[in-house]
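K.L.:
Sequence plus predicted model, see below.
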Amino acid sequence: MSDTHDTWTLAGRTLTSRLIIGTGKYKDAEETRACLAASGAEIVTVALRRVDLKVKDNLLSWIDRSRYTLLPNTAGCYTADDAVRTLRLARELGIADLVKLEVIGDPRTLLPDNEETLKAAKILLDEGFVVLPYCTDDPIVCRKLEAMGCAAVMPLAAPIGSGLGIRNPHNIRLIIEQAKIPVIVDAGVGTASDAAIAMELGCTAVLMNTAVAHAQVPLLMAEAMRDGIVAGRKAFRAGRMPTRVIGSASSPTAGMIE
Ligand SMILES: CC(=O)[C@@H](O)[C@H](O)COP(=O)(O)O
């Protein structure tokens, strides 16, 4: 079955790739560009606070804006005020109105601060930003973010950079069941099977960075993630067979030679 028509929509954009990729932690510009291309991603996210705007050859300049939709993010922000200020700056620089809101609650775990995230989301939505918030895998927080008008919800799989994979598939399932907007698993994916599981659960897309950038061979992992997401999505659409605890013969038993 062709995947050509299995598109999804985010804030009015029609997208084919269900992988959103980060741009941090790569060795250099060449590796960044090669991995982005190999991942097949159409949206790439950039941590605004880590871009050195004083330098001409900065991370932003490595990204072909005619090819990718740029999703500025607020990585490194610990309060709603910080995040809002950072995104206002992005708007002034003409970077984008489609933004990933990330407000971190603690430098050790890098877990999101939901209270500050909700506060920042309200301000940003009032100012006309299209907000994609990173949050815990909490169905209630996701419901509130959706009700406020966020364009998607992005619950974590596990802490940023942990590579632990989906820690609570049950919560992700609950979030998907209730959501009328895209559910994008963000952070903590470690390998292609994690991304496939996210898609098999019914997520709309997956956002990742470290699993590719810190793989032994990042380029190969970028391809593996691309393929894992396609496989997981196909499996979701195909529908898993009913599981059973006892065996069932693969070949028909009728007419079997005695
Ligand atoms: C790139 C980005 O936005 C990160 O803050 C994000 O949450 C990705 O997490 P991983 O690095 O664990 O994939």
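P.N.:
It's in.

K.L.:
Going along the chain, name the helices of the chain.
P.N.:
29-39, 80-92, 114-126, 139-148, 169-178, 192-201, 210-213, 218-238 (DSSP state H).

K.L.:
hmm, who's touching the longest one?
P.N.:
Residues lying outside helix 218-238 but in contact with it, judged by CB atoms under 8 Å, 6 or more residues apart in numbering, are 1, 3, 6, 17-19, 21, 26-27, 31, 34-36, 38-41, 189, 191-202, 205-206, 208, 211-212, 215. Using the backbone N, CA and C atoms, a C-beta is placed for each residue, glycine as well.

K.L.:
try stretch 69-84
P.N.:
Contacts of stretch 69-84 (CB under 8 Å, 6+ apart): 13, 20, 24, 42-50, 60, 63, 86-87, 90, 95-96, 98-105, 107, 113, 116-117, 119-120, 123-124, 132, 134.

K.L.:
Is that stretch positioned near the ligand?
P.N.:
Yes. Contact between stretch 69-84 and the ligand, assessed by CB under 6 Å from any ligand atom, occurs at 73, 75.

K.L.:
Show me which residues of that stretch are buried.
P.N.:
Applying a neighbour-count criterion of 16 or more other CB atoms under 10 Å, one finds 69-77, 80, 82-84 buried in stretch 69-84.

K.L.:
At the contact with the ligand, which residues of this structure appear?
P.N.:
22, 24, 45, 73, 75, 100, 102, 134, 160-161, 186-189, 208-211.

K.L.:
Mark which of these are part of strands, please.
P.N.:
Using DSSP state E, the members of those that fall in strands are 22, 45, 73, 100, 134, 186, 208.

K.L.:
By neighbour count, which of these wins?
P.N.:
The most crowded member of these, judged by other CB atoms under 10 Å, is residue 186 (31 neighbours).

K.L.:
Please name the residues that touch it.
P.N.:
Per CB under 8 Å, 6+ apart, neighbours of residue 186: 20, 100, 134, 154-157, 206-208.

K.L.:
Stretch 12-24 spans what distance, first to last residue?
P.N.:
27 Å (CA to CA, to the nearest Å).

K.L.:
mind listing what's buried in it?
P.N.:
So for stretch 12-24, counting by 16+ other CB under 10 Å, buried means 15, 17-24.

K.L.:
follow-up on the earlier one: okay, among the contacts of residue 186, which ones form the most distant pair?
P.N.:
Spanning the widest gap among those are 100 and 157, at 15.4 Å by CB to CB.

K.L.:
picking up where we left off before, could you redo the buried residues of stretch 12-24 as TSV and give each row pLDDT?
P.N.:
Written out in TSV, the entries for the buried residues of stretch 12-24 read as follows (pLDDT from 0 to 100):
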residue	pLDDT
15	97
17	98
18	98
19	98
20	98
21	98
22	96
23	95
24	92
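
K.L.:
quick one: which two of those are the most distant?
P.N.:
Most distant of the buried residues of stretch 12-24, by CB to CB, are 15 and 24, 21.7 Å apart.
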